[in-house]
Structure formats: C-alpha cells, structure tokens
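K.L.:
I would like to see how this sequence folds:
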Amino acid sequence: MAEPTVRTLHDDERLAAAKVVNVGMLGSLVDETNQAWADIIDAKHCIGAFSEEGQLVGLTRDLPTEVSVPGGGQVPAGGVTAVAVLSTHRRRGHLTRLMHAQLQRLADEGTAIATLIAAEWPIYGRFGYGPAVDACKLEVDTTSAAFRQPPTGSIELVTPAELRPHLEAAHEARRARTPGGIRRDPGAWDRLAGLVRWPGQPDDSDKRRGALWRDGDGEVQGAVAYTVDDVWDRNRPAGKADVGMLVGTPEAERELWRHLCEIDWVRTVSAGNRGVDDPLPYQLVDGRAVTAVDHFDCIWARVLDLPVALGARRSVRAGRAVVEVVDPLGHAGGRWSLELGPDGADVAATAESADVTLPVAALGAAYFGGRSVRRLHEAGWLGEEAPGGVDRLDGLLSTPTAPWSPTTY
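P.N.:
Okay, here's the model as predicted:
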C-alpha cells in the first residue's frame, strides 16, 4: 500500500478540495456552494493531503498578499486559509505534513510572513505561529451614544456598486497606517460591498446598506458597509445595524459611527471585527454606551524570512538587541543582530551573545506589536540571556497603537 502524501493540487481536483473544506468546516454541502468554492480556488496555491488509497482527505490553501508592518512598510505574506482534514482521517499526521509543506513552499517563494485565523488556539503554535493581532466585537447602545464633538463633513447613502470602489480605497488607506492589515483580492470586495452573495447564505440584499463620508472639500475619506434589521419590542423600535466593514481616516470613522447611531429606529449597532484600541468610547460623552462583548485572537503570524520581515519594520525609538530565534523547521532560526529605529533597520546574522532567546512563535506574536516582549517573558514564552535584554527587545518591537486587520479572510 502507498504511503500518505502531500502535493500541490491539480485544477481538476478543485471541486473535491471544496468538498473537503465544507465537510471539515461544517459548511454547506449543496452543489452550488461547493462549486462556488471550487471557482475561487487557485490550485497552485493549494496543498492536498492524500491517504494511502489516494483519496484527498485534507487541504490547506494560501492567498498571496501583503501585510502592513509597524512604520508603514509592507512585506509579502501568505494568507493561510481553508485548513481542513476529514474527521475520518485525523491523528494520522496529515495536518503536520500539510503545514510543513505549505511553509516550505511559501519560504521558497520569498514570502516573509505567513498569517492565518486560528479556529482553535492549541493547533498552530507547534508550526511556529503566534497570536499576533487581536480584535473585538463592539456593541453600541444608540440611546446613550452622544458624541462629544459636533458633526463634520457629509454622509452619502450609496448602492453596493457605488460603495465598492470607495470601500476598497478606504481600506487600503487605513491598512497603510495600521500594522497587521492585509491586502485583499479584487473578488473579495464584490462580496464585502454586497454586490454578490455567497451561495448557500441567506439573501439579505434588501437589508444591505452603504454610506460614504466626505470631508469639507467633498473628498471621500471613509466608507461603511452594513445591514439593518427592523425589530420592534412592545410596540417600540429596537432595530439593529450590523457593521460588515467601517474604515477611513479617524475623523471619517467617527462620523460613520455617528451616522449608524443616528439611524431612526436603530437601538443597537454592532461591529464584529474592530481593533482593541478603537477610539469610539472616547469620542462619546458616555463611553459606557460602547461595550466590547468579545475580545479574541484574530490573526496569527509565522515569520519565515526574518531579515526581510524585521528589515521592513520601524521602531518608535532607536535601539539594538541580539536575539536567538529557535525554529525547528529552520526558516527563521539563528542568532540575529537587530538594530531598529524610526528611519530604518539593520538586521544581520551574528555570533554575538544573545540578549533574548525566543521560539519563532513568540517572535510572530510580538512582530506587529500586539504582544509585548515583557508580557511574553512573564508568561514564560521566552528567556532573557543578558540583563536588560527583554527591555531592549521590548523597546524595539513595541508600537504606539495595537495592530488590527480591518478585514479577515
């Protein structure tokens, strides 16, 4: 009998791959949904796990993209997604083979960082991923959401077709100043703006709304996609607005939130993916009108090319540290001299004694500034080898604001 294998998929295997993903992730198994998945799958960016009998039993997929890093730079990234193994073939090493093969291919292609959204915390640390970018769900009680500043600019209600280019442009401008933001493929914007509906999902086109905020010069500086739900309780309005994406300049985001909170009959506004230091509560007279009802590890990161990943980074204050990175797969391991500042970075292999020893998963967790090196050290994730080493590295990797990815994938 043949050995289990992993390999890049062929084009004619895309439908079988879609079925594996939908079975493994409890998705819809109707033909329309499977075919929709198959249509967007790029086989050369999918690795399949095959059983001894040659059956496709597992999959991992990645989306070539870029991710924003502290200081405004961008690095090539692989957005890992659709990781699934059939329940009938668990505990046979398929996931390990898939992840190792995918990381090797991404590294060979010059990808600096792999990112993913972890369904379960314990799975991906063993492959070198660390929880790097948090998010939260915000709920706003509009009955007490009075804004401290008077309104500015103007709001324009738009159709999904009108919203789409502005939503993408506002997102790109937002992620350029937000570490952890990823570039999305063009097809994603049709779905995010509400132009197309994913097969198998309820048709909510009658509930979809879009709005733009224009500044005093009439320029669009922000956009929001949302749905509304007409709810009444004891003959009183209790409507809801659910934000799909809200992005823009700080002023634009404030005014788009104001728009949502002032919609007639809407009593609750919710947004399921916001940055953990979103300024909204501080823009209100009563910040308790906003509640963070969830706080979760959203994006996990795995450094593959350390000189490129850290060389693109900038630090608020200049400094230097030597780190020993432990990477069992060999992609980012070694001893490295890191010299970072506001104007540039110098990253090179060195034989000097290390200030800090850390596994590559801890480096991923700290890379965007979402986890402080000090906090990781206190949690036992890394070791200090020289006095002050943790503080030196913490100073290099700390960021003024928490990272955030305005869109997941």
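K.L.:
outside of stretch 101-112, which residues touch it?
P.N.:
6-8, 47, 60, 62, 64, 75-78, 80, 114, 127-128, 302-305, 308-309, 312, 329, 331 (CB atoms under 8 Å, 6 or more residues apart in numbering). Backbone N, C-alpha and C define where each C-beta goes, glycine included.
K.L.:
If we use 6 Å, what do you get?
P.N.:
Outside stretch 101-112, the residues that touch it by CB atoms under 6 Å, 6 or more residues apart in numbering are 6, 47, 60, 75-76, 78, 114, 304-305, 308-309, 331.
K.L.:
among those, which are in strands?
P.N.:
Cross-referencing the contacts of stretch 101-112 against strands under DSSP state E gives 6, 47, 60, 75-76, 78, 114.
K.L.:
And the furthest pair within those?
P.N.:
Across those, the longest distance by CB to CB is 26.1 Å; it joins Val6 and Val75.
K.L.:
Just give me the closest of the ones in strands among the contacts of stretch 101-112 to Gly275.
P.N.:
Using CB to CB, Val75 comes nearest to Gly275 of those, at 20.1 Å.
K.L.:
The closest one against Arg313, yeah?
P.N.:
No. At 8.6 Å, Val75 and Arg313 do not qualify as touching, with contact defined as CB atoms under 6 Å.
K.L.:
tell me, what's touching those two both at once?
P.N.:
By CB under 6 Å, 6+ apart, the residues touching both Val75 and Arg313 are Val69.
K.L.:
Could you check which of the two is surrounded by more residues?
P.N.:
Arg313 (25 against 21; other CB atoms under 10 Å).
K.L.:
Val69 is in contact with that one, correct?
P.N.:
Yes. Between Arg313 and Val69 there is a contact under CB under 6 Å: 5.2 Å.
K.L.:
mind checking pLDDT for the residue nearest to Trp121 when sequence neighbours are not counted?
P.N.:
Nearest residue to Trp121, sequence neighbours excluded (CB to CB, 6 or more residues apart in numbering): Asp297, at 6.9 Å. Note for Asp297: predicted pLDDT of 96.
K.L.:
in the sheet, who's paired with Asp297?
P.N.:
Asp134 (DSSP bridges).
K.L.:
Count the neighbours of it for me.
P.N.:
Around Asp297 there are 17 residues (other CB under 10 Å).
K.L.:
longest helix of the chain?
P.N.:
Secondary structure of the chain read by DSSP state H shows that its longest helix is helix 160-176.
K.L.:
Same question for that helix: list its buried residues.
P.N.:
Using 16 or more other CB atoms under 10 Å as the test for burial, helix 160-176 gives 160, 163-164, 166-171, 173-175.
K.L.:
do the same with stretch 150-161
P.N.:
Neighbour counts over stretch 150-161 (16+ other CB under 10 Å) mark 153, 155-156, 158, 160 as buried.
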